[in-house]
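A.B. asks: Curious how this folds, go ahead:
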Amino acid sequence: MKRDQSESLRLWAKLQDGNLEAFGMLYDIYIDDLFTYGMGFSGNKSEVMDCIHDLFLNLYKYRKNLSHTDRVDFYLMRSLKNEIIKRIQTSRRELATVNQENIGPFQISAEEVFIANEWEMERSKKLSRAIKSLSKKQRKGLSMRFSENYSYEEIAEQMNISVQSSRTMIYRAIKTLRAQLQYLILVCQIFFYFIYK
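C.D. replies: You can find the predicted model right below:
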């Protein structure tokens, strides 16, 4: 769908200055087009949504280093395509590594299964603690957005807050979870490196 690029470029410039409202508006403007475009590469709905969320979180995180663009839609779609391709390549490399080492479910020792189960329990506890560290409002907002697929407008109406506040609340909740779980992801990668070495 053709967009008003002058409006998008205005929002892009505001995003580079750290304006959260502009960030939210760009998300709302392009989310449907990006999802449709992403599904053409992956076909996996949750993977495409994860890639879109990663894309927007990185846009905000690295906003001061964003390249100049005359077409925000092309920039976002190219960035999403790169994000999805990177994930697909990573998955293929991991699968190839497992296949090369000929690791199957019947070749993993009882000790490795025990360690994996212990790790899964620890991961669940850490995730639960991270979620509990959020405010009640943030937990409710995340649930409405990602479990019940509410729009930001619907969340705002249900929680009696502004649409911008609903966007900001969700963004901050995700940012908090990512910060708390970054360590967990690193430990997980180290664990699987040594398990399958």
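A.B. asks: My guess is Leu9 contacts Val72. True?
C.D. replies: Yes - under the contact definition of CB atoms under 8 Å, Leu9 touches Val72, with a separation of 6.3 Å. Backbone N, C-alpha and C define where each C-beta goes, glycine included.
A.B. asks: Between these two, tell me which one has more neighbours.
C.D. replies: Neighbours per residue (other CB atoms under 10 Å) separate Leu9 from Val72, with Val72 holding more: 20 against 15.
A.B. asks: my read: the more buried one touches Trp12, true?
C.D. replies: Yes - Val72 is in contact with Trp12 according to CB under 8 Å; the separation is 5.3 Å.
A.B. asks: so what's the nearest residue in space to Met39 that is not next to it in sequence up against?
C.D. replies: Nearest non-adjacent residue to Met39, counting by CB to CB, 6 or more residues apart in numbering: Val48, 5.6 Å away. In this structure, Val48 makes contact with Phe35, Gly38, Met39, Phe41, Ser42, Ile84, judged by CB atoms under 8 Å, 6 or more residues apart in numbering.
A.B. asks: and the residues you listed, which of them are in helices?
C.D. replies: Phe35, Gly38, Met39, Ile84 (DSSP state H).
A.B. asks: Which member of the residues you listed is positioned nearest Gln138?
C.D. replies: Among those, Phe35 lies closest to Gln138 (CB to CB), at 23.7 Å.
A.B. asks: is it true that the closest one touches Ile52?
C.D. replies: Yes - the pair Phe35 / Ile52 is scored as a contact, 6.6 Å apart, by CB under 8 Å.
A.B. asks: Those two: which has the busier surroundings?
C.D. replies: In terms of neighbours (other CB under 10 Å), Ile52 is the more surrounded of Phe35 and Ile52; the figures are 22 against 15.
A.B. asks: so how far is Asn160 from that one?
C.D. replies: When distance is defined by CB to CB, to the nearest Å, Ile52 is 28 Å away from Asn160.
A.B. asks: And for Ser42?
C.D. replies: Spatial separation of Ser42 from Asn160 under the definition CB to CB is 36 Å.
A.B. asks: Likewise for Asp33?
C.D. replies: Spatial separation of Asp33 from Asn160 under the definition CB to CB is 30 Å.
A.B. asks: Looking at those two, which is more packed in?
C.D. replies: When neighbours are counted by other CB under 10 Å, Asp33 comes out ahead of the other of Asp33 and Asn160, with 15 against 7.
A.B. asks: Could you look up the SS state of that one?
C.D. replies: Here Asp33 takes the helix state, with states given by DSSP: H, G, I helix; E, B strand; the rest coil.
A.B. asks: Asn149 now?
C.D. replies: Following three-state DSSP, we place Asn149 in the coil state.
A.B. asks: One more: Leu134?
C.D. replies: Counting by three-state DSSP, the backbone at Leu134 sits in coil.
A.B. asks: Where does the prediction get shaky in this protein?
C.D. replies: Within the chain, the stretches with pLDDT under 70 are 1-4, 43, 91-124, 181-197.
A.B. asks: distance of Thr90 from Ile174?
C.D. replies: Note on Thr90: its distance to Ile174, by CB to CB, is 21 Å.
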